[in-house]
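**Q** Model the structure of this input:
(one chain, ligands or ions: 1)
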Amino acid sequence: MKPKKTEMPDKFKKKLNDEQKNIICDHGTESPFTGKWLYNKDKGVYVCAACGNPLFSSDAKYDSGTGWPSFFKVMNKKSVKLKEDNSMFMKRIEIICNKCGGHLGHVFPDGPMPSGERYCINSLALDFKKKK
Ligand SMILES: [Zn+2]
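**A** Numbers count the residues shown, from 1 in each chain. The predicted model follows:
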């Protein structure tokens, strides 16, 4: 079963390049260890690449060893929507931007305590606002 494409307002889509559209609109996954934010250790806020919605604080980022930027919690409850995703013959929880509906990644139950959650996000779906 092919995942359903994201319905996103054109004003957000316009900002994205083809690689980003493949992830955010077509539910793609970037190759592991290729993302530009993977080793970013600066302090700041990760926002949605399409609409600028604040998603994750750098304080919640950790090295999961999986090859994708990983966070143990979202910035606030309104940042993202979680949705069951049964594509690729796996049961996963998809993470969607709550503002524009863009696909960000998946959440897995093997993160560090206390949340025990691992938000596995594509770098291409993120922008970074460095704290000054
Ligand atoms: Zn968004």
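**Q** Give the full set of residues in contact with Ile96.
**A** Thr6, Val80, Lys81, Leu82, Lys83, Gly102, His103, Leu104 (CB atoms under 8 Å, 6 or more residues apart in numbering). C-beta coordinates here come from the backbone N, C-alpha and C atoms, glycine included.
**Q** Where does the fourth one sit: helix, strand or coil?
**A** Leu82 falls in the strand class when you classify it by DSSP: H, G, I helix; E, B strand; the rest coil.
**Q** Write down the beta-bridge partners of it, one by one.
**A** With DSSP bridges as the criterion, Leu82 is bridged to Ile95.
**Q** So among the contacts of Ile96, which ones count as buried?
**A** Buried by 16 or more other CB atoms under 10 Å: Thr6, Val80, Gly102, His103, Leu104, out of these.
**Q** Out of the contacts of Ile96, which two are the most distant from each other?
**A** Thr6 and Leu82 (14.9 Å; CB to CB).
**Q** any idea how far Lys13 is from Glu117?
**A** Separation of Glu117 from Lys13 (CB to CB, to the nearest Å): 29 Å.
**Q** Give the residue from these two that has the larger number of neighbours.
**A** Set Glu117 next to Lys13 and count neighbours by other CB atoms under 10 Å: Glu117 wins out with 19 against 16.
**Q** so that one touches Ser64, yeah?
**A** No: using CB atoms under 8 Å, Glu117 is not in contact with Ser64; the gap is 11.0 Å.
**Q** and the lowest-mean-pLDDT helix or strand in the chain, is it in reach of the ion?
**A** Among the helices and strands of the chain, helix 10-13 carries the lowest confidence by mean pLDDT, DSSP states H and E, at a mean of 92. No: judged by CB under 5 Å from the ion, helix 10-13 makes no contact with the ion; its nearest approach is 6.5 Å.
**Q** still on that earlier bit, and the contacts of Ile96, which is closest to the ion?
**A** Ranked by distance to the ion (CB to the ion), those are led by Gly102 at 4.6 Å.
**Q** pretty sure the closest one is touching Ala50, no?
**A** Yes: here Gly102 lies in contact with Ala50, judged by CB under 8 Å, at a distance of 4.7 Å.
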